[in-house]
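**Student:** quick one, structure for this:
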Amino acid sequence: MDTNLPVAITNFIKATNNADSTGFVNLFTNDAVLNDWGTEYNGPAEIAKWNQTDNIGKKSHFELVDAKQNPDDSWIVNLEVSGNGFNGTSPFKMLVMGDQLKGVQILPG
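**Tutor:** Residues are numbered from 1 along each chain as shown. A predicted model of the protein is given here:
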């Protein structure tokens, strides 16, 4: 995995791959927003529900394809996703705050 990635992004991938739902949800700030193709999940409680219906609950596995930091300090992280839900490469726009995620937007590939 790219050692230049912020720890929050690295842990997002690791928590998913390790099926660590508690660790996954704890990566998000209290005011975080996860946007999955236009549907928004606000705060850890809603993100935990999304995690069970669309991520770890679907046995998702992430492989890092590449990542780049944008001028606004957000990151575009391309992940190869496999599991019992979506399968394919998808770009994730991530906004990091310290060692947590303030925003994750799953973009159309």
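
**Student:** show the pLDDT at the residue sitting furthest away from the middle of the chain.
**Tutor:** The C-alpha centroid of the chain is most remote from residue 71, which lies 19.8 Å away (CA atoms, centre = their mean). If you check residue 71, the pLDDT there is 94.

**Student:** kindly report the same for the one 10 residues further on.
**Tutor:** Taken from the predicted model, the pLDDT recorded for residue 81 is 98.

**Student:** quick check: end-to-end length of stretch 76-95?
**Tutor:** 9 Å (CA to CA, to the nearest Å).

**Student:** in it, what counts as buried?
**Tutor:** Using 16 or more other CB atoms under 10 Å as the test for burial, stretch 76-95 gives 77-79, 81, 83, 86, 90-92, 94-95. For the C-beta atoms, the positions are set from N, CA and C on the backbone; glycine is no exception.

**Student:** do stretch 100-109 as well
**Tutor:** Here stretch 100-109 shows 100-106 as buried, counting by 16+ other CB under 10 Å.

**Student:** redo those as a markdown table? Include distance to residue 36 and pLDDT.
**Tutor:** Shown next, in a markdown table, are the buried residues of stretch 100-109 (distance: CB to CB, whole Å; pLDDT from 0 to 100):
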| residue | distance to residue 36 | pLDDT |
| --- | --- | --- |
| 100 | 19 | 98 |
| 101 | 14 | 99 |
| 102 | 16 | 98 |
| 103 | 12 | 98 |
| 104 | 9 | 99 |
| 105 | 8 | 99 |
| 106 | 5 | 98 |
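
**Student:** can I get those in JSON lines including distance to residue 51 and secondary structure?
**Tutor:** Below are the buried residues of stretch 100-109 laid out as JSON lines (distance: CB to CB, whole Å; DSSP: H, G, I helix; E, B strand; the rest coil):
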{"residue": "100", "distance to residue 51": "15", "secondary structure": "strand"}
{"residue": "101", "distance to residue 51": "12", "secondary structure": "strand"}
{"residue": "102", "distance to residue 51": "17", "secondary structure": "strand"}
{"residue": "103", "distance to residue 51": "15", "secondary structure": "strand"}
{"residue": "104", "distance to residue 51": "11", "secondary structure": "strand"}
{"residue": "105", "distance to residue 51": "16", "secondary structure": "strand"}
{"residue": "106", "distance to residue 51": "13", "secondary structure": "strand"}
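
**Student:** many thanks, I have nothing further to ask.
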